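**Student:** Quick one, what's the 3D model for this:
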Amino acid sequence: MNIRLLLVDDHVVVRMGMRMLFDSVPDFEIVGEADNALDAITAVSQLHPDVVLMDIGLPDLSGIEATRRIKADSPETAVVALTIHEDKEYFFKMLDAGANGYVPKRAAPEELITAIRAAATDDVYIYPSLATFLVKDYLQQQKQQQARTERNVDGLTPREQEVLLHLADGETNAEIAEKLVISPRTVARHRENIMQKLNLHSRTELVKYAIRKGIIRA
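**Tutor:** This next block holds a predicted model:
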């Protein structure tokens, strides 16, 4: 099945270059073009492309706002940013708007093709040099989370620490109860206390906490 593409860029030469590139890709089909944001939004509603290749610097609305509106009206349509902007501000705004990919115009053709194919399967592609922004942001969030939870580490009782270990290993309340020779209701109560004391809200957060503290290994 072909991947249906809509090209959005206010420079004719850029769109011509993309057409020449994509014409050589057997599973790509260009269904339309737009040179501004409003036309792009309209084209999506009429043509139903699988992927929109979106420039950020458009003459009417920004590609960021266009992406936001497209995703609101047609959430099944993927958007890949193809832009000269490689700074953190545009990068995060585009991802927040719902883009599935972010590729600079200096990227090799193979990178752009890979990004489009990833977006068409509802995956995400970030150009390697820009992925650093995500890593740094993640590490900063982890550092802040650790600072928030560190105060509560010593608040766990020995039994709660024991239950935490089993929970982090993916065991159910019934399995833990059997191993610790206590009732499932007691395990549930310990689990609730652990979550409250450590300010955690899901098993995923609990597992991440256990890995960070060396209780289990990733």
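**Student:** my read: M94 touches I64, true?
**Tutor:** Yes - M94 is in contact with I64 according to CB atoms under 8 Å; the separation is 5.6 Å. Using the backbone N, CA and C atoms, a C-beta is placed for each residue, glycine as well.
**Student:** Tell me the residues that contact both of the two, please.
**Tutor:** Residues touching both M94 and I64 (CB atoms under 8 Å, 6 or more residues apart in numbering): I56.
**Student:** Any buried residues in the helix or strand encompassing Q46, and which?
**Tutor:** Using DSSP states H and E, Q46 sits in helix 37-47. Across helix 37-47, burial judged by 16 or more other CB atoms under 10 Å covers A37, D39, A40, I41, A43, V44.
**Student:** show me the contacts for the fifth one.
**Tutor:** With CB under 8 Å, 6+ apart as the criterion, the residues that contact A43 are L6, G32, E33, A34, P49.
**Student:** doesn't the third one fall inside a strand?
**Tutor:** Yes - if the criterion is DSSP: H, G, I helix; E, B strand; the rest coil, then E33 is within a strand.
**Student:** Could you check the pLDDT of it?
**Tutor:** Note on E33: pLDDT of 97.
**Student:** quick one: pLDDT of the residue nearest to the spatial centre of the chain?
**Tutor:** With distances taken as CA atoms, centre = their mean, the residue of the chain nearest its centroid is V124 (6.5 Å). V124 is assigned 88 on the pLDDT scale.
**Student:** and what of T149?
**Tutor:** T149 is given a pLDDT of 54.
**Student:** rewinding a little: now the residue nearest to the centre of the chain: closest residue in space that isn't a chain neighbour?
**Tutor:** Closest residue in space to V124, ignoring its immediate chain neighbours: N100 at 5.4 Å, by CB to CB, 6 or more residues apart in numbering.
**Student:** What segments of the protein are helices?
**Tutor:** For the chain, applying DSSP state H gives helices covering 12-22, 37-47, 63-73, 88-97, 109-120, 128-150, 158-168, 173-180, 184-198, 203-212.
**Student:** Of these, flag the one that's most buried.
**Tutor:** Mean neighbour count (mean count of other CB atoms under 10 Å) peaks for helix 63-73 among those, with a mean of 21.
**Student:** quick one: contacts of that helix?
**Tutor:** 8, 37-38, 40-41, 44-45, 52, 54-58, 77, 79, 81, 83, 90, 93-94, 97-99.
**Student:** Skipping adjacent residues, who's closest to R19 in space?
**Tutor:** Nearest residue to R19 in three dimensions, chain neighbours excluded: I30, at 6.1 Å (CB to CB, 6+ apart).
**Student:** Distance from stretch 88-97 to the middle of the chain?
**Tutor:** In terms of CA atoms, centre = their mean, to the nearest Å, the centre of stretch 88-97 is set 11 Å apart from its chain centre.
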